[in-house]
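>>> Provided below are the primary sequence and the corresponding predicted coordinates.
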Amino acid sequence: MKRSKGIILIIIGSVLWGATGPMMEWVLHNSELSVPFFLTVRLIVAGTSILVFLKFQKKKVFVIWKEPVWLKQLFIFALLGMLGVQYTFIAAIEASNASIATLLQFLGPIYIIIYVSWKGKTFPPKYQVVGIIGTLLGLFLLLTNANINQLLISNEALFWGLLLGVTFSIYTVYPARLMKEWGVLVVVGWGMLIGGIVLALLSQVWNSNEWSELVSYPIIIFVVLIVLMGTIAFVMFLSSMKYITAVETSILSSIEPLTAMIISVFWFGQILGGWQYTGVLVMLVFVTWLSVAGDLNLNLCKKRNKIKK
């Protein structure tokens with residue numbers, strides 16, 4: 001029953017998050033809203049809504065502020081994880097499109113492997129090397145349509161896309177202990193609110209002339225939907241990890257880029273080249289391979305240890 005709950009959570013969360021990408025693309029390309037302004041509003045509204053909801057349920061949302069060790073971790077997650085992944089994702093959409101941005105975040109597992117190998121001063125296992133090579137091959141096809149002399153996205157889009165992979169890996173891995181100790185909603189709520197306030201201070205959002213643009217029709221409708229759907233997607237994605245394995249999460253989260261691509265085709269008429277679609281498939285296969293092979297390798301190591309004992 002719990003496994004079924006986890007599968008339902010990750011599927012719905014992936015569809016919702018995949019759908020917000022094209023919606024954000026439309027808003028950014030059909031209004032004068034900037035990435036910092038749009039993201040500040042989104043994070044503060046979403047974070048505040050979650051915390052108010054928890055307060056009405058009589059949850060102790062402020063207790064974490066009395067724990068310096070946990071509070072430090074919360075701020076790191078809020079700035080590098082929550083704000084980081086949101087900002088780079090929206091910036092990548094603005095510089096390219098929702099389909100490309102959604103796929104580039106799947107570079108996250110590669111960054112995690114490189115970091116772990118560097119920290120442990122060891123070379124990655126063979127299955128991880130295969131996964132990295134395969135994912136990079138898919139990325140090459142996606143970005144060039146198999147023509148080595150052309151790059152189908154701008155240098156700016158490539159920069160934000162590569163950085164998105166880094167922030168997505170931090171967002172996925174770093175808050176595990178935080179959420180186990182304090183719960184998903186408390187961590188996500190404070191992460192969004194802290195990230196939004198910091199961005200507001202940096203961008204001086206109160207001096208912006210974009211407020212009138214924000215409340216204009218139909219921009220306000222899309223912004224409300226993006227905030228609502230995105231917040232639900234975040235909570236569902238992170239909550240699913242309590243019920244299903246990393247392998248299942250990896251496989252089912254591939255619904256996200258597929259959702260973004262399908263919506264983009266029908267809404268914007270965005271058609272990729274033949275080799276680009278091949279690249280999408282190759283990327284998803286090898287990202288899944290990294291999780292599946294890793295899980296099999298872990299189970300094999302456990303069995304060997306039991307035999308030795």
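It's in.
>>> mind checking how far the residue positioned nearest the centre of the chain is from residue 59?
Geometric centre of the chain, nearest residue: residue 168, 5.0 Å, by CA atoms, centre = their mean. Relative to residue 59, residue 168 is positioned 28 Å away (CB to CB, to the nearest Å). Yep, even glycine has a C-beta here, placed from its N, CA and C like the rest.
>>> Also residue 276?
46 Å.
>>> So between those two, which is more surrounded?
Under the neighbour definition other CB atoms under 10 Å, residue 276 and residue 59 were set side by side, and residue 276 has more, 21 against 16.
>>> helix or strand right after the least confident helix or strand in the chain by mean pLDDT?
The weakest-scoring helix or strand in the chain, judged by mean pLDDT, DSSP states H and E, is helix 246-252 (a mean of 66). Per DSSP states H and E, the first helix or strand lying C-terminal to helix 246-252 is helix 255-268.
>>> Which other helices and strands does the helix or strand containing the residue nearest to the centre of the chain contact?
Residue 168 is part of helix 155-173, with elements assigned from DSSP H and E. In terms of contacts (3 or more CB pairs under 8 Å, 6 or more residues apart in numbering; DSSP states H and E), helix 155-173 is packed against helix 84-95, helix 98-104, helix 108-120.
>>> how does it look with 10 Å?
Applying 3 or more CB pairs under 10 Å, 6 or more residues apart in numbering; DSSP states H and E, one finds that helix 155-173 contacts helix 84-95, helix 98-104, helix 108-120, helix 126-144, helix 219-240.
>>> Flag every buried residue along the third one.
It refers to helix 108-120. 108, 109, 110, 111, 112, 113 (16 or more other CB atoms under 10 Å).
>>> and what of stretch 131-138?
131, 132, 134, 135, 138.
>>> Please compute how far it lies from its chain's middle.
19 Å (CA atoms, centre = their mean, to the nearest Å).
>>> which residues make contact with it from outside it?
The contact list for stretch 131-138 (CB atoms under 10 Å, 6 or more residues apart in numbering) reads 103, 106-107, 109-110, 113-114, 124-125, 276, 278-294.
>>> Cross those against helices and list the overlap.
If you go by DSSP state H, the contacts of stretch 131-138 have 103, 109-110, 113-114, 276, 278-294 in helices.
>>> Drop anything exposed from the residues you listed.
Buried among the ones in helices among the contacts of stretch 131-138 (16+ other CB under 10 Å): 103, 109-110, 113, 276, 278-280, 282-284, 286-294.
>>> give me the element residue 209 is part of.
Per DSSP H and E, there is no helix or strand for residue 209.
>>> so residue 276 makes contact with residue 152?
Yes - at 7.5 Å, residue 276 counts as touching residue 152 under the criterion of CB atoms under 10 Å.
>>> what touches both of these two?
100, 142, 143, 144, 145.
>>> Run through the residues that contact the first one.
Okay, so that is residue 100. By CB under 10 Å, 6+ apart, residue 100 lies in contact with 21, 92-93, 142-143, 152-153, 157-158, 161, 257, 260-261, 264, 270, 272, 276, 280.
>>> Which residue, neighbours along the chain excluded, lies closest to residue 10?
residue 240 (4.0 Å; CB to CB, 6 or more residues apart in numbering).
>>> Could you do residue 141 as well?
In space, and not counting its chain neighbours, residue 141 is closest to residue 279: 2.9 Å by CB to CB, 6+ apart.
>>> Look up how far residue 57 lies from the one you found.
For residue 279, the distance to residue 57 (CB to CB) stands at 45 Å.
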